[in-house]
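> Fold the following.
(2 chains)
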Amino acid sequence: MLRLDCLRSVYEELADCLVVTIMGAVAAELQSLGHRPNFFYLQHAMGLASSTGLGLALCLPEERVIVFDGDGSLLMNLGSLTTMGRYRPKNLTHVVFDNESLLSVGGFPTATSTGTDLEGIARSAGIPRVVTVHDVEKFSDTVREAAKSKELTTIIAKVKATGPSGYVTDLTLLENRFQFRRYIQSMKKDQRIH
Amino acid sequence: MPVSVANSKLIYEALKECDIRLVSALPETWLVHLIRMTDEDPDMTLVRLAKEEEAVGISAGAHFAGVKSAMLMQNHGLLAAINGIVSFAHLYKIPLLMLISYRGSFGEKDPWQTQGGNVTEPVLRALRIPYFPLDRVEALKKRIRDAQTLAESSLQPVAILLKRDLMWEE
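Numbering: from 1, shown residues only, chains lettered A, B, ... in the order given. Below is the predicted model of the structure:
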């Protein structure tokens, strides 16, 4: 299963979500499908994409928040699973693309390549719904079910350790950050008017 | 426990007057009353963390959502949050209001706190984080409000160091 195919399979429904991604291949591949103002790419601070999604989900309980995390990033902040598991925001979906490696630094194998079970860790940390998927159809179904379930869901998507040739795009970090915040503030303003 | 309830209350009131609506925290002796007051306030969201670096992401999410937030941590928690501060808050210009208990300085009796006390201010200076050591109640609310004003206008982390003379009653 390719991460790009997973992203493509849910790309349309991301239009209605607030999306936070980790750095590297995930950010570059999502942008290759077409950037939207409701996408924020955390191009460093590995591990904090899930924390950012948690902050958004707690502050905006009416909005759906999707985090596209990775095994390398999540392993740097496993405590985040326990914090998410404590507050369990119903509007948060946490996708972990597990390619068993730190791809963007040359493919250094992570602990999921030697048996660490992220699904088990997430479940034991208190995440109420945890699903592991191996094919694209199941991936997109699971993302949709997560929205319907109204429960915090972590989806471990086992993907191949391949990605784009480069990671730098023409969207600058600050441009993305200010656009993302402005999008949310405009959305809140519109909701007050309607 | 000789942590000052009265001064904790003043600090908490200052946060409320700054329109802070989310506080992320890790327990530490000097912060127990502040964390309890946050927890008991139905208008405040308390996020109990596993590690302080998470607070950078949570406060960034809150900022994007238009919610003002604060971080309560020990100075050792600041040390644990440095990468998040540099590669998220500084890189993306995220305002952070950090209230940091200044353990390990003059009068510290716990040996395990002492090394953190040595490096707290040098680390803040190295990170170019504006900070103010708060050791008395005079102008306390103004100091906290001023810190938040600077964080919001400069879009960067700003720290208030909560010192022993303020937090601890011998």
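> Let me know the average pLDDT across stretch A:22-33.
If you average the pLDDT over stretch A:22-33, you get 96.
> Say whether chain B is contacted by it.
No - Stretch A:22-33 stays clear of chain B (CB under 8 Å from any CB of the partner chain), getting no nearer than 9.4 Å. Yep, even glycine has a C-beta here, placed from its N, CA and C like the rest.
> Buried ones in that stretch, by neighbour count?
For stretch A:22-33, a neighbour-count test (16 or more other CB atoms under 10 Å in any protein chain shown) marks A:22-31 as buried.
> In terms of helices and strands, where is whichever residue of chain B sits closest to chain A?
Across chain B, the shortest distance to chain A (CB to the nearest CB) belongs to residue B:61, at 2.3 Å. Taking DSSP states H and E as the criterion, residue B:61 maps to helix B:53-65.
> Could you list the low-pLDDT ranges of the chain?
Since you didn't name a chain, this refers to chain A. Counting by pLDDT under 70, chain A contains low-confidence ranges at A:193-194.
> That was the other one, I meant chain B.
Residue ranges of chain B with pLDDT under 70: B:1.
> rerun at 80
Low-confidence segments of chain B (pLDDT under 80): B:1, B:170.
> just the strands in it please.
B:22-25, B:45-48, B:69-74, B:96-101, B:131-134, B:157-162 (DSSP state E).
> so how many other residues sit close to residue 105?
No chain specified, so I'll use chain A. 9 (other CB atoms under 10 Å in any protein chain shown).
> my bad, the chain I had in mind was chain B
Counted with other CB under 10 Å, residues neighbouring residue B:105 total 19.
> what's the answer for residue A:108, then?
For residue A:108, the count of nearby residues is 11 (other CB under 10 Å).
> contacting residues for it?
Contact analysis of residue A:108 by CB atoms under 8 Å, 6 or more residues apart in numbering or on different chains lists A:101-102.
> quick one, phi psi at it?
Dihedral pair for residue A:108: phi -50, psi 120, per degrees, to the nearest 10.
> now the strands: where do they sit in chain A?
Under DSSP E, chain A gives strands at A:17-21, A:39-41, A:64-70, A:92-98, A:101-102, A:108-109, A:129-133, A:153-158.
> on that earlier part again, specify which member of the buried residues of stretch A:22-33 is nearest to residue B:123.
Using CB to CB, residue A:23 comes nearest to residue B:123 of the buried residues of stretch A:22-33, at 24.8 Å.
> surely that closest one meets residue A:104?
Yes - with contact defined as CB atoms under 8 Å, residue A:23 reaches residue A:104; the gap is 7.2 Å.
> give the contact list for residue 73.
I'll assume chain A. By CB under 8 Å, 6+ apart, the neighbours of residue A:73 are A:22-23, A:46-47, A:49.
> Actually, chain B is the one I wanted.
Neighbouring residues of residue B:73 by CB under 8 Å, 6+ apart: B:25-26, B:28, B:31, B:52, B:55, B:81, B:98-101.
> Tell me what it is bridged to.
residue B:100 (DSSP bridges).
> what's the neighbour count on the residue of chain A found nearest chain B?
Using CB to the nearest CB, the closest approach of chain A to chain B is made by residue A:55 at 2.3 Å. Close neighbours of residue A:55, defined as other CB under 10 Å, add up to 32.
> Tell me how far the closest residue to it other than its chain neighbours lies from residue A:147.
Leaving aside its sequence neighbours, residue A:55 sits nearest to residue B:61 (CB to CB, 6 or more residues apart in numbering or on different chains; 2.3 Å). Taking CB to CB, to the nearest Å as the measure, residue B:61 falls 19 Å from residue A:147.
> With neighbour numbers in mind, choose between these two.
Each of residue B:61 and residue A:147 has its neighbours counted (other CB under 10 Å); residue B:61 has more, 29 against 15.
> wouldn't that one be in contact with residue A:48 here?
No - counting by CB under 8 Å, residue B:61 does not reach residue A:48; the two are 9.5 Å apart.
> those helices in chain A, which residues are they?
All helices of chain A, identified by DSSP state H, fall at A:3-10, A:25-33, A:48-59, A:71-75, A:79-87, A:118-124, A:136-149, A:173-193.
> list the contacts for residue B:13?
Counted by CB under 8 Å, 6+ apart, residue B:13 has contacts residue B:141.
> what residues are up against the residue nearest the centre of chain B?
Computing the C-alpha centroid of chain B and ranking residues by CA atoms, centre = their mean puts residue B:99 first, at 1.4 Å. Shown in contact with residue B:99 (CB under 8 Å, 6+ apart): B:11, B:34, B:70-73, B:144, B:159-160, B:162.
> State the distance from the closest residue to residue B:52 other than its chain neighbours to residue B:56.
Of all residues not flanking residue B:52 in the chain, residue B:77 sits nearest, at 3.5 Å (CB to CB, 6+ apart). As for residue B:77, its distance to residue B:56 is 11 Å (criterion: CB to CB).
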